[in-house]
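Chemist: curious how this folds, go ahead:
(one chain, ligands or ions: 2)
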Amino acid sequence: MYQTLIVRYGEISLKGKNRYKFEDSLVRNIRYALHELAHGRIRKAFGRIYVDIQHDNWGTIVQRLSTVFGITSISPVLHCSLTMEAIEQSTLTLMEQSQGKTFKVSTKRANKRFPIDSMTVSRELGAHVLNHFPQLTVDVHHPDINLQIELRDNGAYLFNSTIPGSGGMPVGSSNKGLLLLSGGIDSPVAGYLTMKRGVTLEGLHFYSYPFTNERSKDKVIELTRILAGYAAQGKLKLWVAYFTEIQKALEKNPYSGLKITLMRRMMLRIAHTLAEREGALALITGDSLGQVASQTMESISTINAVTNMPIFRPLISMDKQEIIDIARRIQTYETSILPHEDCCTVFVPKNPATRPRLEQALEAESHLDIPGLVEEAISRTESLIVSHKIDFL
Ligand code: ATP
Ligand code: MG
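Modeler: Ligands and ions are numbered 1, 2, ... in the order given. A predicted model of the protein is given here:
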């Protein structure tokens, strides 16, 4: 029945050059997400994007668009010519498909050349609906069916539903960030939320073969594959850093309670070096304040001290359940809970320090060749390009 989708977007603060960048990225990402479904049938007009529907497959298109950041809402619409007869006809078609006992008609007359004012259009269409559907009544406050009409230069658009989009900014409209991606629940969610603000992501995973096996790496690749479904071209770059030598070196330090602190400091140093080399402007982690020993304020502060690069921690204030809810929604949860070991779980000390001080960390590291270890890990880091996989319902 529907011919077109109206795709709404935009943050109020967007102006001038930023607006074009935002719109260009969004159209490009929509084109990619829909490639074979709506090729060449995407156009920008009146501050919206219109996607023409070919085979009544609007449900599938809406699902695909749910992975595209920058969209605030979507309405499937009927499109007709700017005459009262055509609008009345489309109104009946739409009402036949609508469920409910009460309704309301609202009209927006963007095209001021249309000779009838919006109040009159609404009133006449309301009367027309009541004539054909005598069982319905009007309720202007809480209608079951909210019939909306937009009168524009190229015709009238009619719709009765508005589906929320993912919000945020189109991926590619901001700079690049490097996500420290473990196989857990949190870091994929942190990556998703960062992409939501337009950031182009690359992943970095620390891998400790033979302490962790190939399958734990496969799990991270699988998580990257799911996250890639939200990326601009359906692809993400994943760096896999060989962390084993560093872990062996850290094993020798006598302050066993500091092991996680030292490990995280090494991770950040490597991430910083790689990010600088790759032109990424920020690091991203899945830290949530107080969740584990390495996420107390003291730990975060001591760990953070190795880099002056901004670190984004989008989950910092979230409870585990809130994070899990997002993980389920974005389809990373089922993969994250697969029981494969991470390099940190293998080496976790019995009593990790919850208040590691910077001087203690510096003292523990004073015997290590830090630049040499970082250099060695970077030189053994490999990258792969991972293509998307999102299961649509
Ligand atoms: P997650 O569920 O993301 O693993 P977590 O609650 O288990 O988080 P930690 O294991 O302490 O917390 O890790 C905190 C953050 O450090 C992770 O969110 C991730 O950003 C980073 N991190 C931990 N382990 C790795 C790893 N092996 N490779 C890359 N990043 C890691
Ligand atoms: Mg973890």
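
Chemist: and this structure, which of its residues are near ligand 1?
Modeler: With CB under 6 Å from any ligand atom as the criterion, the chain meets ligand 1 at residues 180-182, 184-187, 204-206, 267, 285-287, 291-292, 294, 342-344. For glycine as for every other residue, the C-beta is placed from the backbone atoms N, C-alpha and C.

Chemist: in strands, which of those residues appear?
Modeler: 180, 204, 205, 206 (DSSP state E).

Chemist: ok, and the most crowded of these?
Modeler: In terms of neighbour count, residue 206 stands highest of those at 28 neighbours, by other CB atoms under 10 Å.

Chemist: so what's residue 164 up against?
Modeler: Taking CB atoms under 8 Å, 6 or more residues apart in numbering as the contact definition, residue 164 lies against 72, 73.

Chemist: who does it bridge with?
Modeler: With DSSP bridges as the criterion, the beta-bridge partners of residue 164 are residue 73.

Chemist: would you map the helices across the stretch 51-200 of the chain?
Modeler: 58-65, 84-96, 118-132, 186-196 (DSSP state H, counting those that start in this stretch).

Chemist: among the ones you listed, which is nearest ligand 2?
Modeler: Taking CB to the ion, helix 186-196 is the member of these nearest to ligand 2, at 6.8 Å.

Chemist: other residues contacting that closest one?
Modeler: If you take CB under 8 Å, 6+ apart as the criterion, helix 186-196 is touched by 69, 166-169, 171, 177, 179-181, 201, 203, 223, 226-227, 230-231, 284-288, 291, 312-315, 323, 326-327, 330, 332, 336.

Chemist: can you flag the buried ones in those residues?
Modeler: Burial by neighbour count, judged by 16 or more other CB atoms under 10 Å, picks out 69, 166, 168-169, 171, 177, 179-181, 201, 203, 223, 226-227, 230-231, 284-288, 291, 312-315, 323, 326-327, 330, 332, 336 from the contacts of helix 186-196.

Chemist: so where's this protein shaky on pLDDT?
Modeler: Filtered on pLDDT under 70, the chain yields the residue ranges 12-13, 38-40, 340-350, 390-393.

Chemist: and if we set it to 50?
Modeler: Within the chain, the ranges that satisfy pLDDT under 50 run 392-393.

Chemist: for ligand 2, what are the nearby residues on it?
Modeler: Residues of the chain lying close to ligand 2 (CB under 5 Å from the ion) are 182, 184.

Chemist: tell me the domain boundaries of the chain?
Modeler: 4-164, 176-387 (automatic domain parsing).

Chemist: contacting residues around the residue nearest to residue 288 when sequence neighbours are not counted?
Modeler: Sequence neighbours aside, residue 315 is the residue nearest to residue 288 in space, at 4.6 Å (criterion: CB to CB, 6 or more residues apart in numbering). By CB under 8 Å, 6+ apart, the contact set of residue 315 is 186, 189, 190, 193, 286, 287, 288, 323.

Chemist: shouldn't the last one be in contact with residue 185?
Modeler: Just to be clear, that refers to residue 323. Yes - when contacts are counted by CB atoms under 8 Å, residue 323 is listed as touching residue 185 (6.2 Å).

Chemist: which neighbours do these two share?
Modeler: residue 286.

Chemist: tell me the phi and psi of the closest residue to ligand 2 within the stretch 51-200 of the chain?
Modeler: Residue nearest to ligand 2 within the stretch 51-200 of the chain (CB to the ion): residue 184, separated by 3.4 Å. Backbone torsions of residue 184, given as degrees, to the nearest 10, read phi -80, psi -170.

Chemist: give me the number of residues near residue 80?
Modeler: There are 20 residues near residue 80, going by other CB under 10 Å.

Chemist: bridging residues for it?
Modeler: Residue 80 has these beta-bridge partners by DSSP bridges: residue 156.

Chemist: quick one, what contacts it?
Modeler: By CB under 8 Å, 6+ apart, the contact list for residue 80 reads 86, 87, 89, 90, 155, 156, 158.

Chemist: follow-up on the earlier one: closest one of the ones in strands among the residues of the chain next to ligand 1 to residue 121?
Modeler: For these, the closest approach to residue 121 (CB to CB) belongs to residue 180, at 55.7 Å.

Chemist: which ones are touching that closest one?
Modeler: Counting by CB under 8 Å, 6+ apart, the residues that residue 180 touches are 187, 204, 205, 206, 267, 268, 271, 283, 284, 285, 286.
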